[in-house]
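>>> need the 3D shape of this:
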Amino acid sequence: MTIAAAPIVCIGGLNIDRKLRLLADALPESSNPCEAHETPGGVARNIAENLARLGLPVALIAAVGDDAGGRLLMEQATRVGIDTGAVLRLPRHVSDSYTAVLGPDGELQLGLAAMPLVERLNPWALQASKALRARAALVVADGNLPTDAWPLLLSEAMEQGTVLVGVAVSEAKMERLPDDLRGLTLLLLNAGELATVADEPDMALARLHARGVGCVLVSHGSDGLMLSQPGTEPRHWAAPAVAVVDVTGAGDALAAGVCAALLRDRHDLDAAARVGLALAALTLQTTDSVHPDLAPDFLCDRQAR
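I've put the predicted structure just below:
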């Protein structure tokens, strides 16, 4: 199966990202001056756009309303090269949205997710895109998915031998992952999300592996990445030092870089970590959820090293 005939399929959040950056430290119970910025967003959508801008074939499975925001999301996705044929279009619904309140330093202070439409991606709805997933080289599922979607995706991955990558989205939604995670090739999450599994990181990693996760990649922000695999010592990679403009979308860029490298070689986790960190570092330096100047040269340069 060639890469051209087997796209990466991203499943999950598709929404409008609204970013409000405070001009000074927040004053509780008061009006606070800020800068406003709005872009297409959603974890699965952001990952898909990164991959499309890298020149990789990518399809999106998500849900969108028939409002102005939904039309903007679909038009922009098509423009950057994302296959939107499997996106559910729901009449008389407002598209999902995520509002990030950022401090003056660009760090997230509060995230507000109004995302009822992604809940529609249940097993019944996902049946319509079964053929698309069957010919995929790699499937990426984000943690916004409802709990009952995961057994279907996990069983498909085991039956078809597909690489399945799970991307956590928040501590609150970690409970959506089922106890049985056999079929999940790689789980990407941050330290806070890992702590929802167990208080001690070593115990949390052991529990995830016992549940069936093959590899766990933990982001520690500016402290880099840690990889855990059963029966081996954890590995660490340092994060590039950059001037942070906005953290929104950096985790999605990390996931996209990892997936892009795994598409080339599913066993080269060192390359996956390094490409992911480099793409996250680039995204930290823009106010957009996906860096607007990202192009296939970014991936070609790193694969040539």
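>>> surely residue 112 meets residue 96?
No: contact between residue 112 and residue 96 fails when scored by Cβ atoms under 8 Å: they sit 11.6 Å apart. Every residue, glycine included, has its C-beta placed from N, CA and C.
>>> and the two? Which one has more around it.
Between residue 112 and residue 96, residue 96 has the larger neighbour count (other Cβ atoms under 10 Å), namely 27 against 11.
>>> any idea how far the residue lying closest to that one once chain neighbours are set aside lies from residue 25?
Here the nearest residue to residue 96 in space, its sequence neighbours aside, is residue 15; by Cβ to Cβ, 6 or more residues apart in numbering that works out to 3.6 Å. Relative to residue 25, residue 15 is positioned 28 Å away (Cβ to Cβ, to the nearest Å).
>>> and residue 31, by the same measure?
Shown here: residue 31 relative to residue 25, a distance of 14 Å by Cβ to Cβ.
>>> please apply the same query to residue 32.
Distance of residue 32 to residue 25, given as Cβ to Cβ: 9 Å.
>>> give me the pLDDT value at residue 298.
Per-residue confidence at residue 298 stands at 85 (pLDDT).
>>> how about it, secondary structure?
Per DSSP: H, G, I helix; E, B strand; the rest coil, the local secondary structure of residue 298 is helix.
>>> how many neighbours does the nearest residue to it once chain neighbours are set aside have?
Leaving aside its sequence neighbours, residue 298 sits nearest to residue 54 (Cβ to Cβ, 6+ apart; 6.4 Å). Residue 54 sits with 23 neighbouring residues when counted by other Cβ under 10 Å.
>>> I'd say residue 54 and residue 294 touch.
Yes: in this structure, residue 54 is within contact of residue 294 by Cβ under 8 Å, at 6.8 Å.
>>> so between residue 15 and residue 25, which is more surrounded?
When neighbours are counted by other Cβ under 10 Å, residue 15 comes out ahead of the other of residue 15 and residue 25, with 30 against 10.
>>> mind listing what that one touches?
The contact partners of residue 15, by Cβ atoms under 8 Å, 6 or more residues apart in numbering, come to 41, 42, 45, 73, 95, 96, 97, 98, 115, 118.
>>> and if you look at residue 188?
Contacts here follow Cβ under 8 Å, 6+ apart; on that basis residue 188 touches 165, 166, 167, 168, 217, 219, 251, 254, 255, 258.
>>> repeat for residue 283
Under the criterion of Cβ under 8 Å, 6+ apart, the contact partners of residue 283 comprise 249, 250, 252, 253, 289, 290, 291.
>>> in a markdown table: those, plus secondary structure.
Written out in a markdown table, the entries for the contacts of residue 283 read as follows (three-state DSSP):
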| residue | secondary structure |
| --- | --- |
| 249 | coil |
| 250 | helix |
| 252 | helix |
| 253 | helix |
| 289 | coil |
| 290 | coil |
| 291 | coil |
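>>> now, among those, which is nearest to residue 153?
Distances from the contacts of residue 283 to residue 153 were compared by Cβ to Cβ; the smallest belongs to residue 252, at 18.7 Å.
>>> just give the closest residue to that closest one, not the sequence neighbours.
Nearest residue to residue 252, sequence neighbours excluded (Cβ to Cβ, 6+ apart): residue 46, at 3.7 Å.
>>> and that neighbour, what element?
Counting by DSSP states H and E, the element that carries residue 46 is helix 43-53.
>>> and that helix, what does it pack against?
Secondary structure elements in contact with helix 43-53, counted by 3 or more Cβ pairs under 8 Å, 6 or more residues apart in numbering; DSSP states H and E, are strand 8-11, strand 58-61, helix 68-80, strand 138-142, strand 163-167, helix 250-264.
>>> to residue 88, which of these lies closest?
For the helices and strands packed on helix 43-53, the distance to residue 88 is smallest for strand 58-61, at 8.2 Å, taking Cβ to Cβ.
>>> can you tell me which helices and strands that closest one packs against?
Other elements packing on strand 58-61 under the criterion 3+ Cβ pairs under 8 Å, 6+ apart are strand 8-11, helix 43-53, helix 130-134.
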